[in-house]
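Chemist: turn this into a model:
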Amino acid sequence: MPHTYSNLIFHIVFSTKERRPLITDELRERLYEYIGGTIRGLDGTLIEIGGIADHVHILLAVKPTVRLSDFMRELKSCSSKWANEIARSRFEWQTGYGAFTVSMSQIEVVRKYIRNQARHHAKMSFEDEFKKLLDLSGIDFDEKYLWR
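Modeler: Here you go, the predicted model:
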């Protein structure tokens, strides 16, 4: 086969350092716009972004040449540096992230989930949500190392 065909779609989740509520209403829209621009600059495609004050969910597509760990390191580094300059406060992302593959048939389900984060978190904590995402994806974890 002379060509490469792929559709690599990820649901990415990461939180602020110590899950502090650093994504204020004043910062949120501009931060999301900046993250979207950074994703495009890294040769990705933003499909959806959302979250609440202490974490963000991103649905994105990347090319098969992208190494996700490098992509995420650059995305988090650039966006935290930008947020520090704009908010004039100590903005940091937590080390690590969750990355979950998404099939084409589930894109709208995940988009809706991301759009409804505020309503969702009225009933469930970030910690419980993240553990549920890990469980649903079949990812083994030891909770004593999960939040460090």
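
Chemist: below-threshold pLDDT in the chain: ranges please.
Modeler: Scanning the chain for pLDDT under 70 picks out the ranges 1, 148.

Chemist: and the strands in it?
Modeler: 8-15, 44-52, 55-62, 98-101 (DSSP state E).

Chemist: tell me which of the ones you listed sits most buried.
Modeler: strand 55-62 (a mean of 22; mean count of other CB atoms under 10 Å). Every residue, glycine included, has its C-beta placed from N, CA and C.

Chemist: mind listing the strands it pairs with, and their directions?
Modeler: strand 8-15 (antiparallel), strand 44-52 (antiparallel) (DSSP bridges).

Chemist: touching that strand from outside, list them.
Modeler: 7-16, 19, 23, 32, 35, 39, 43-51, 68, 71, 102, 107, 110-111, 113-114, 117, 126 (CB atoms under 8 Å, 6 or more residues apart in numbering).

Chemist: what of stretch 117-128?
Modeler: Counting by CB under 8 Å, 6+ apart, Ser15, Arg19, Gly50, Gly51, Ile52, Asp54, His55, His57, Tyr113, Glu129, Lys132, Trp147 sit against stretch 117-128.

Chemist: of all those residues, which comes closest to Lys81?
Modeler: Nearest to Lys81 among the contacts of stretch 117-128 is Ser15, at 17.5 Å by CB to CB.

Chemist: may I have the beta-bridge partners of the closest one?
Modeler: Going by DSSP bridges, Ser15 forms beta bridges with His55.

Chemist: do Gly50 as well
Modeler: Gly50 has the following beta-bridge partners by DSSP bridges: His57.

Chemist: surely it and Arg115 touch.
Modeler: Yes. If you go by CB atoms under 8 Å, Gly50 and Arg115 touch, sitting 5.6 Å apart.

Chemist: the protein: helices as residue ranges?
Modeler: Secondary structure of the chain (DSSP state H): helices located at 25-41, 68-87, 107-115, 117-120, 126-136, 143-146.

Chemist: isn't Tyr32 right next to Ile49, touching?
Modeler: Yes. Assessed by CB under 8 Å, Tyr32 is found in contact with Ile49 at 4.8 Å.

Chemist: about what we covered before: between the strands paired with strand 55-62, which one is closest to Ser89.
Modeler: Among the strands paired with strand 55-62, strand 8-15 comes nearest to Ser89, with 16.5 Å by CB to CB.
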